[in-house]
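Participant: Sequence and computational prediction follow.
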Amino acid sequence: MSDTLVIIPTFNEKENIEKIIHKVFSLNKDFEVLVVDDNSPDGTSFIVEGLIKEYPGELHIEKRKGKNGLGTAYIHGFKWALARGYEYVIEMDADFSHNPDDLERLYNACVVDKADVSIGSRYIQGINVVNWPMQRVLLSFFASKYVRLVTSLPINDATAGFVCYHRSVLETINLDKIKFVGYAFQIEMKFKAWKFGFKIKEVSVIFTDRTLGESKMSKSILTEAIFGIIRMKFRSFFQNYKR
């Protein structure tokens with residue numbers, strides 16, 4: 001059994017899922033993979049189930065009944081990982097926007113550099129984003145600036161979804177009280193890890209926009225992030241962050 005689980009949430013990722021699973025299992029470091037599929041009508045889960053025969057004990061799938069948001073998919077995966085004793089848990093997209101070759105760098109940032117949370121950051125050395133339209137690049141970049149202004153969170157890429165957590169972080173954060181379900185979930189997890197005093201390290205990565213499949217970004221997700229961050233900061237004044 002590997003000490004590290006890579007969680008990949010999916011909804012209609014039949015074009016990408018097989019390739020990315022093969023890529024993760026080709027790395028020098030042994031990882032296990034959990035796909036959390038939200039009842040993809042394109043048959044993503046059937047592809048994964050077929051691959052389990054090729055990677056028994058290493059590839060796992062949890063099938064949910066509906067599309068309930070990125071945050072709830074990850075929380076489902078976190079709880080699954082904690083129940084099975086993994087030491088490190090990594091979030092990664094299915095669409096190759098996160099380069100699987102960087103998994104080992106995130107892992108080493110925790111194991112070698114002793115970080116509790118390592119973040120694949122697009123904005124440490126300029127803007128490392130490929131194939132995004134300029135409007136979306138600026139939206140993402142200034143969203144992180146906005147989060148830092150409102151919350152004082154000392155992270156350059158607060159919305160990053162390529163993250164490695166030590167299990168102690170997930171055990172300390174009350175996962176049942178995470179408020180956000182969209183991309184703001186990523187901000188809330190980092191904010192709470194920071195408030196609890198965990199060591200956070202950013203690792204510079206290049207983010208490449210998907211070439212296959214469709215983006216899950218929507219206006220409701222953006223609205224949740226913009227206004228929800230202010231509420232999150234306000235609530236933090238009344239919460240105890242002692243470990």
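Facilitator: Structure's in. What do you need?
Participant: which residues of the protein fall in helices?
Facilitator: Using DSSP state H, the helices of the chain run over residues 17-25, 44-52, 70-83, 103-111, 134-151, 167-172, 184-195, 219-236.
Participant: what helices or strands is the shortest one leaning on?
Facilitator: Applying 3 or more CB pairs under 8 Å, 6 or more residues apart in numbering; DSSP states H and E, one finds that helix 167-172 contacts helix 70-83, strand 88-91. Placement of C-beta: from N, CA and C, glycine included.
Participant: Of the helices of the chain, flag the one that's most buried.
Facilitator: Highest mean neighbour count of those: helix 184-195, a mean of 23 (counted as mean count of other CB atoms under 10 Å).
Participant: what angle separates that helix from helix 70-83?
Facilitator: Here helix 184-195 points in a direction 50 degrees away from that of helix 70-83 (axes from the mean of the first three to the mean of the last three CA atoms, to 10 degrees).
Participant: contacts for helix 184-195?
Facilitator: With CB atoms under 8 Å, 6 or more residues apart in numbering as the test, helix 184-195 has contacts from 69-71, 74, 116-117, 119, 147, 151, 153-155, 158-161, 163, 165, 169, 173, 178-180, 200, 221, 224-225, 228-229, 232, 236, 239, 241.
Participant: can you pull the contacts of Asn128?
Facilitator: Contacts for Asn128 were tallied using CB under 8 Å, 6+ apart; they are Arg122, Ser204, Val205, Ile206, Phe207.
Participant: And the residue lying closest to the fourth one once chain neighbours are set aside, how close does it get to Phe25?
Facilitator: Put plainly, it is Ile206. Counting by CB to CB, 6 or more residues apart in numbering, Ile206 lies nearest to Asn128, which is 4.6 Å off, once chain neighbours are set aside. Taking CB to CB, to the nearest Å as the measure, Asn128 falls 26 Å from Phe25.
Participant: Then Phe198?
Facilitator: For Phe198, the distance to Phe25 (CB to CB) stands at 29 Å.
Participant: And the helix or strand bottoming out on mean pLDDT in the chain, what does it pack against?
Facilitator: Taking mean pLDDT, DSSP states H and E as the measure, the helix or strand of the chain with the lowest value is strand 129-130, at a mean of 73. In terms of contacts (3+ CB pairs under 8 Å, 6+ apart), strand 129-130 is packed against strand 207-208.
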